[in-house]
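S.K.: predicted model, plus sequence, below.
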Amino acid sequence: MDEREMFTHRHILDHNQMNLESPNVKNNRGSRSKHSVLEVDRFIKEYTERADIINSIYQLNEREHYHVILSRLKERRKEGKRMAEYLNIEGNETWLLFQRDINQFYLYNPTDHQLLNELLKDLNSRPVVKAEINRRSSQLVLILTLDDGGKGVFKPMRLAREVETSDDLYYFSEMERHTSEIAAFHLDKVLGFYRAPPTIGRILNITRDIEQVGEDTLTKTVYRSPVGNVCFYGNCKNFCDPAFAVCGQPDMIQGSISAFLPSRSFHSASAILHHPWSRSYNMKLKQSWETNEEYCETSVKGQSEFKGRRLLDFMDTSVFDFLIGNMDRHNVEFFSQFGADTFLLHYDHGRGFGKSQYDCMSCLAPVRQCCLIRLSTLAKLIKLYIGPDSLRHVLQESLKADPLAPILRERHLDALDRRVGLIIKVISDCITRKRKLWQEVIVNDGVI
Ligand SMILES: Nc1ncnc2c1ncn2[C@@H]1O[C@H](COP(=O)(O)OP(=O)(O)OP(=O)(O)O)[C@@H](O)[C@H]1O
Ligand SMILES: [Mn+2]
């Protein structure tokens, strides 16, 4: 090797080493680099100096990457019962392995990359043998059966990625976005919740995957547009008529497909909770939480339904809905097979990522009114805030794996960074302005 070659060789090694330590360093300085909040910086100083944080798994090192803390938490996650105990379907298909592997404390195991990747690959590419309308959806949602017997919930593209929801539109008039379903799955995963059904982008051929294998109510609505594209409008409560048809180019459409979940219980009603902060779905009516800041204290805390981990799970869901801008969470489901000590499912995210300039502060009402958050959730948010990795960065990296990437426009990614600081500010206000006790607000219930 001559000197020049050695230099080149050396140079490549250094470059790789640098990449290993800090993948994608550019624009990578934490959510606060563009959206810093004064009080939050003071609050974080207090966090880092606390005796119960120092030397705990929640201690945050400024140089450590986000995925390092996430793996640290993952390793200590509690293991619970498996769905396999309650499912008696024979077979070794990937969708069945996924359903059997559902855990009391998480929907899928993020460290089993192979199973998750195969499940997503199957959802994205296995031939469709049956297409049905999901009768429980208010908008056009299909249930697709794939050639191995697995099913997926398909939401077709209704709105282009760059179309923002008009400020004057109420949440209940919003059309669903397939990109929001995909991004929400990834966000739930990077936040370490693992409570949202695995979801991936998929391209369908309307003729082959819908018209030829669909149930009558669906295929009846397939037609050719004036320019010869194949369209369908299905049958549902909202936006299922020719004025809102889904049209292919000439027959190809894109959408999101989510893994089908097994039944939530033997008696379905017992697995559904009414969301205590649900909205009225009426422009003139307000719910009591919208006018009463004491709502959590008077009407939620202390109720038997919210014992144990449940209220803290609602706080996570509130953080999650605020980040994606979802005002449509009405009922919340869980797998009642596992009893009460189990996670709340995150699904139905078609109405997120609509307004990038609007922060839905009312989505944070549960956290603000209860003055409550899980320590692990707060630690992750603070980590994203201080960097080196910002939320937009880790989400964008994750979304690159989707075949329909890019999924989110810049302004939605930027909004995520802005919202991280706002969540921490609500918690900081509980302690500094509302004078609540640190350990009452920030709770370590062992769920990480
Ligand atoms: N991944 C899934 N696996 C199994 N069932 C599902 C899945 N996703 C949704 N469902 C079922 O379909 C119903 C409708 O879900 P969807 O996400 O389409 O909501 P929606 O159209 O917004 O309905 P709503 O008007 O109630 O909000 C849910 O209540 C649920 O029971
Ligand atoms: Mn909905």
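M.R.: Thanks, I have it. Please read all numbers here as calculations on a predicted model, not as lab measurements. Ligands and ions are numbered 1, 2, ... in the order given.

S.K.: could you export stretch 323-339 as PDB, CA atoms only?
M.R.: C-alpha atoms of stretch 323-339 as PDB (Å, rounded to 0.1, in the frame of the first residue of the first chain):
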ATOM      1  CA  LEU A 323     -48.200  14.900  18.400                       C
ATOM      2  CA  ILE A 324     -50.200  13.600  15.400                       C
ATOM      3  CA  GLY A 325     -53.000  16.200  15.800                       C
ATOM      4  CA  ASN A 326     -55.800  13.500  16.200                       C
ATOM      5  CA  MET A 327     -59.000  14.800  17.700                       C
ATOM      6  CA  ASP A 328     -61.000  11.700  16.800                       C
ATOM      7  CA  ARG A 329     -60.200   9.400  19.700                       C
ATOM      8  CA  HIS A 330     -63.600   8.300  21.100                       C
ATOM      9  CA  ASN A 331     -63.500   4.700  22.200                       C
ATOM     10  CA  VAL A 332     -60.400   3.000  23.400                       C
ATOM     11  CA  GLU A 333     -59.900  -0.700  23.200                       C
ATOM     12  CA  PHE A 334     -57.800  -3.300  24.900                       C
ATOM     13  CA  PHE A 335     -57.400  -7.100  25.000                       C
ATOM     14  CA  SER A 336     -59.700  -8.000  27.900                       C
ATOM     15  CA  GLN A 337     -58.200 -11.600  27.800                       C
ATOM     16  CA  PHE A 338     -55.300 -10.100  29.800                       C
ATOM     17  CA  GLY A 339     -57.500  -8.500  32.500                       C
END
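
S.K.: who's in contact with the residue nearest the centre of the chain?
M.R.: Centroid check for the chain by Cα atoms, centre = their mean gives residue 184 as the closest residue, at 3.1 Å. Residue 184 makes contact with 196, 199, 320, 324, 326, 346, 349, 352, according to Cβ atoms under 8 Å, 6 or more residues apart in numbering. In this view, the C-beta of every residue, glycine as well, is placed from N, C-alpha and C.

S.K.: same check on residue 156?
M.R.: Listed by Cβ under 8 Å, 6+ apart, the contact partners of residue 156 are 140, 142, 178, 204, 246, 253, 254, 255.

S.K.: how near is it to ligand 1?
M.R.: 12 Å (Cβ to the nearest ligand atom, to the nearest Å).

S.K.: tell me what that residue is bridged to.
M.R.: residue 255 (DSSP bridges).

S.K.: what does the stretch 301-448 of the chain put close to ligand 2?
M.R.: For the stretch 301-448 of the chain, the residues in contact with ligand 2 (Cβ under 5 Å from the ion) are 328, 348.

S.K.: again, only this time at 8 Å
M.R.: Counting by Cβ under 8 Å from the ion, the residues of the stretch 301-448 of the chain close to ligand 2 are 328, 330, 348, 350, 351.

S.K.: next to ligand 2, which bits of the stretch 51-200 of the chain? Give me the list.
M.R.: Checking the stretch 51-200 of the chain against ligand 2 by Cβ under 8 Å from the ion, the hits are 137, 138, 139, 176.

S.K.: how many other residues sit next to the second one?
M.R.: Same thing as residue 138. By other Cβ atoms under 10 Å, 14 other residues sit near residue 138.

S.K.: circling back to that earlier point, distance from the helix or strand where the residue nearest to the centre of the chain lies to the middle of the chain?
M.R.: Assessed by DSSP states H and E, residue 184 sits inside helix 178-190. Chain-centre distance of helix 178-190: 4 Å, with Cα atoms, centre = their mean, to the nearest Å.

S.K.: and the next helix or strand past it?
M.R.: Next along the chain after helix 178-190, taking DSSP H and E as the criterion, comes strand 199-205.

S.K.: would that following strand count as contacting ligand 1?
M.R.: No: residues of strand 199-205 contacting ligand 1 under Cβ under 6 Å from any ligand atom: none, with a closest distance of 8.4 Å.

S.K.: what packs against the helix or strand following that strand?
M.R.: Going down the chain from strand 199-205, the next helix or strand is helix 216-219, by DSSP H and E. Counting contacts by 3 or more Cβ pairs under 8 Å, 6 or more residues apart in numbering; DSSP states H and E, helix 216-219 is packed against strand 128-133.
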